[in-house]
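In: Whatever this is, show me its structure:
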Amino acid sequence: MADEVRSRSEIDGRLKSFLPLITILLMTLAVYGCLSGFDFVTVDDPLYVVNNERVRSGFSPGNVAWAFQTMEAEFWHPLTWLSFMLDTEIYGTGPRGYHLTNLLLHLINSALLFIFCRRCLGGLWESWLVAGLFALHPLHVEPVAWVSGRKEILCACFWLLALLAYERHVRRPGWRRFIPVMVFFVLGMMAKPMIVTLPFLLLLLDYWPYRRDRNGGPVTGWIKSPWRRWRPLVAEKIPLFLFAAAGMAVAMIAQQRGGGLVSTMDLPPASRAFQVLAAYAVYLKKSVWPAPMAVFYPQPAFTGCGMAAAATGILLAVTVMIVRIGRHRRYLFTGWFWFLGTLVPVIGIVKVGDFFIADRYMYMPLAGILIVIVFSLKAMIDKLVRRRTWLTIVPVLLAGIYAPLTWAQVQTWRDSETLYRHALAVTGDNFLAHHALGHTLAMRNDMTGAIDHFYRAAVTRPDKAPLWVSLGKALVLDDQWQPAEQAFWRAARLAPDRPAVWFYLGCVRIVQQDSRMALNFLADSLVMAREQNPLAGPVYAKLMDFYENGLYYDEQGQWPLAGSYYLKALALACGDLSRRGITRLVVDGYDQWLKGVTGIQEGAD
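Out: Model prediction:
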């Protein structure tokens, strides 16, 4: 009888423990449930799913091998590719299934964080609030609502599993119990390399809540020297540090191959440091009050040191205060440096892309700030007279603030046009949003709107050659060849070493029936392409032969014969030389043209 009563009480205790988690999951479903009716967006979704034949054809030996070999999308993340292939197998190629998997992963991550907090950090109320804010925070809309944000939430899933595995190791240290930590760490890097900071996070957890520096960690007994106390804790994580170094090397190679890295010539170290400090301050502000939120945040112009000085002052003041207070309230130290440390790979020290910050980067770092906020609130509430009342009011108040913001932000991801128009409404001079909206309108054959937004993007950032190329292509589609040529010339002046701009200028000259200049531009494009990547194939060889013959007879003054060779070369290079044919060639793009010129093995004559 006693055993039965005890078992019932244990079951009741577990139900009471997991009831808060169930409320979190139900609220999250209510906020994000509309995702199943959303479309793909044009930011990366075509690269990852829509136009990716590997993903759209599902699992096959060749596709699985490709996932482990490719560095497409400037990452080596085979598990992300495999997860998309699995969605294709289960749901088909429509957007609904990919959105549902993202939501499912977010629910799993929220549950894992709740379990981690409950087992490792503190009481039920704190665990409930940390996990609830994590699930419902508006900053998490982007990685959940964006199909291509899969890598963020999949990586976080393995991250949290590694933290839970580490908790088992801490309870009973041993190399066998440490193996799951290493396995989840490697799996996380195969989803996204941002997890490389995990070894440092584990050292923070050794400080609090595990306090392994107080009992010597893997060795027993009290040791006075701080280094001797921390040395075994660092030593046991050496395999993780080695994996992290390898992961960072692979990530750098992938980014460099994809051309995503911003050099110090484009962004000097001083400006980079200013942006890093400002980004930390903005992320901190957004953790508390996230509005406004947008898919793109353009780079701010740092004309002086005022913003950098303010950001430095804020970060330094908070850090000093937390270091001093953190001796007695260790959760402050761990939570704050969780936030600072896990953002390091994406904060801009190694600059990637033209954007300033991204909401998705806060998916795991936000947990550190939430720990600081929630545990601080609990400490203050414990000192109040009506403690139970405040323990009810605070979660309701926070949920009432964040849940509507999150729901409203989810709606902006309904489709591409809604997403980009929202970004333009809440940010200023956003050339990225103008450019993306221009592409969206062009795909819908709204060329007037597309040209308008491409022009605004180019005027906002006139130093960006791709913006002028996009404007030129849109003008070609609208049959405005003269303005298109001007746009392509702007791109050529900004990027004279890019073969694509000379290809587009050559296409314009074909329409203007200037075959000599058209061949010059096309030949320049091919020569540049050959210098950057070796080109081969009988079509390429025959084309250059025609071109050189044309040049020879041109120099001899035999224009009719030279012109015939120019026309043969043009016909071989571009096929249909009509206005409509060249328009189609411009729309298909330089990469497709280069593939045709260098890849056709038959029909060179």
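
In: Residue 109 reaches residue 163, doesn't it?
Out: No. Residue 109 is not in contact with residue 163 according to C-beta atoms under 8 Å; the separation is 11.3 Å. Where you see a C-beta, it was placed from the backbone N, CA and C, and this is true even at glycine.

In: Show me which of those two is the more surrounded one.
Out: Using other C-beta atoms under 10 Å, the more surrounded residue of residue 109 and residue 163 is residue 109, with 28 against 22.

In: Residue 155 versus the more buried one, what's the distance?
Out: 10 Å (C-beta to C-beta, to the nearest Å).

In: which regions of the stretch 451-600 of the chain lie under the pLDDT threshold?
Out: 534-537, 599-600 (pLDDT under 70).

In: where along it do the helices fall?
Out: For the stretch 451-600 of the chain, the helices defined by DSSP state H, counting those that start in this stretch occupy 465-477, 481-494, 499-511, 515-532, 538-555, 559-574, 579-588, 590-599.

In: what's the angle between the fourth one and helix 481-494?
Out: Think helix 515-532. 30 degrees (axes from the mean of the first three to the mean of the last three C-alpha atoms, to 10 degrees).

In: Which other helices and strands does helix 515-532 contact?
Out: helix 499-511, helix 538-555, helix 559-574, helix 590-599 (3 or more C-beta pairs under 8 Å, 6 or more residues apart in numbering; DSSP states H and E).

In: before we move on, what about the first one?
Out: Packed against helix 465-477, as judged by 3+ C-beta pairs under 8 Å, 6+ apart, are the following elements: helix 431-443, helix 447-460, helix 481-494, helix 499-511, helix 579-588.

In: Outside of it itself, list whatever touches it.
Out: Among residues not part of helix 465-477, those counted as contacts by C-beta atoms under 8 Å, 6 or more residues apart in numbering are 431, 435, 438-439, 442, 447, 450-451, 454-455, 457-458, 461, 481, 483-485, 487-488, 490-492, 494-495, 498, 500-501, 504, 507-508, 583, 586-587.

In: Which of the residues you listed are buried? Put it as a ChimeraX command.
Out: Of those, the buried ones go into a single ChimeraX selection, burial set by 16 or more other C-beta atoms under 10 Å:
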select :431,435,438,439,442,447,450,451,454,455,457,458,461,481,483,484,485,487,488,490,491,492,494,495,498,500,501,504,507,508,583,586
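
In: still on that earlier bit, how about TSV for the helices and strands packed on helix 465-477, with distance to residue 226 added?
Out: Below are the helices and strands packed on helix 465-477 laid out as TSV (distance: least, C-beta to C-beta, whole Å):
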stretch	distance to residue 226
helix 431-443	47
helix 447-460	52
helix 481-494	54
helix 499-511	57
helix 579-588	64
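
In: Which one of the ones you listed lies nearest to residue 423?
Out: The minimum distance between residue 423 and the helices and strands packed on helix 465-477 falls on helix 431-443, with 3.9 Å, by C-beta to C-beta.

In: so what does the closest one touch, helix or strand wise?
Out: Under the contact criterion of 3+ C-beta pairs under 8 Å, 6+ apart, helix 431-443 touches helix 416-426, helix 447-460, helix 465-477.

In: Distance to residue 21 added to the helices of the stretch 451-600 of the chain, as TSV?
Out: Formatted as TSV, the helices of the stretch 451-600 of the chain follow (distance: least, C-beta to C-beta, whole Å):
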stretch	distance to residue 21
helix 465-477	46
helix 481-494	54
helix 499-511	52
helix 515-532	54
helix 538-555	62
helix 559-574	62
helix 579-588	51
helix 590-599	49
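
In: pretty sure residue 435 contacts residue 452?
Out: No. With contacts counted by C-beta under 8 Å, residue 435 stays clear of residue 452, the gap being 11.9 Å.

In: Quick check: which of the helices and strands packed on helix 515-532 is buried the most?
Out: helix 499-511 (a mean of 25; mean count of other C-beta atoms under 10 Å).

In: and that one, how far out from the chain's middle?
Out: Its chain's average C-alpha position is 33 Å from that of helix 499-511, according to C-alpha atoms, centre = their mean, to the nearest Å.

In: Where does pLDDT dip in the stretch 101-250 of the chain?
Out: Ranges of the stretch 101-250 of the chain meeting pLDDT under 70: 215-225.

In: can you pull out the helices in the stretch 251-400 of the chain?
Out: Counting by DSSP H, counting those that start in this stretch, the helices of the stretch 251-400 of the chain are 269-288, 306-325, 330-342, 365-381, 387-411.

In: okay, those helices in JSON lines with mean pLDDT, mean neighbour count and distance to residue 117 next?
Out: Putting the helices of the stretch 251-400 of the chain into JSON lines (pLDDT from 0 to 100; neighbours: other C-beta atoms under 10 Å; distance: least, C-beta to C-beta, whole Å) gives the following:
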{"stretch": "helix 269-288", "mean pLDDT": "86", "mean neighbour count": "18", "distance to residue 117": "17"}
{"stretch": "helix 306-325", "mean pLDDT": "84", "mean neighbour count": "14", "distance to residue 117": "19"}
{"stretch": "helix 330-342", "mean pLDDT": "96", "mean neighbour count": "22", "distance to residue 117": "11"}
{"stretch": "helix 365-381", "mean pLDDT": "95", "mean neighbour count": "21", "distance to residue 117": "8"}
{"stretch": "helix 387-411", "mean pLDDT": "94", "mean neighbour count": "15", "distance to residue 117": "14"}
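
In: Of the helices and strands packed on helix 515-532, which is nearest residue 50?
Out: Closest to residue 50 of the helices and strands packed on helix 515-532 is helix 590-599 (C-beta to C-beta; 17.0 Å).

In: show me the contacts for the closest residue to residue 485 other than its chain neighbours.
Out: Distances taken as C-beta to C-beta, 6 or more residues apart in numbering place residue 508 nearest to residue 485, at 4.5 Å, with adjacent residues excluded. Residues in contact with residue 508 (C-beta under 8 Å, 6+ apart) are 476, 481, 484-485, 488.

In: Following element in sequence after the strand or helix carrying residue 104, please.
Out: Assigned by DSSP states H and E, residue 104 falls within helix 95-116. Downstream of helix 95-116, the first helix or strand assigned by DSSP H and E is helix 124-136.

In: tell me the angle that next one makes with helix 95-116.
Out: Using the same axes, to 10 degrees, one finds that helix 124-136 and helix 95-116 are set 160 degrees apart in direction.

In: and helix 124-136, what other elements does it pack with?
Out: So helix 124-136, by 3+ C-beta pairs under 8 Å, 6+ apart, packs with helix 2-32, helix 95-116, helix 365-381, helix 387-411.

In: hey, C-alpha coordinates of the shortest one in PDB?
Out: Spelled out, it's helix 365-381. What follows is helix 365-381, C-alpha atoms only, in PDB (Å, rounded to 0.1, in the frame of the first residue of the first chain):
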ATOM      1  CA  PRO A 365      22.600  33.300 -27.300                       C
ATOM      2  CA  LEU A 366      19.200  34.500 -26.100                       C
ATOM      3  CA  ALA A 367      19.000  31.700 -23.600                       C
ATOM      4  CA  GLY A 368      21.900  33.300 -21.700                       C
ATOM      5  CA  ILE A 369      20.100  36.600 -21.400                       C
ATOM      6  CA  LEU A 370      16.900  34.900 -20.400                       C
ATOM      7  CA  ILE A 371      18.800  33.100 -17.600                       C
ATOM      8  CA  VAL A 372      20.000  36.500 -16.300                       C
ATOM      9  CA  ILE A 373      16.600  38.100 -16.500                       C
ATOM     10  CA  VAL A 374      14.500  35.300 -15.100                       C
ATOM     11  CA  PHE A 375      16.800  34.400 -12.200                       C
ATOM     12  CA  SER A 376      17.200  38.100 -11.300                       C
ATOM     13  CA  LEU A 377      13.400  38.500 -11.300                       C
ATOM     14  CA  LYS A 378      13.100  35.400  -9.000                       C
ATOM     15  CA  ALA A 379      15.700  36.900  -6.600                       C
ATOM     16  CA  MET A 380      13.700  40.100  -6.400                       C
ATOM     17  CA  ILE A 381      10.300  38.500  -6.100                       C
END
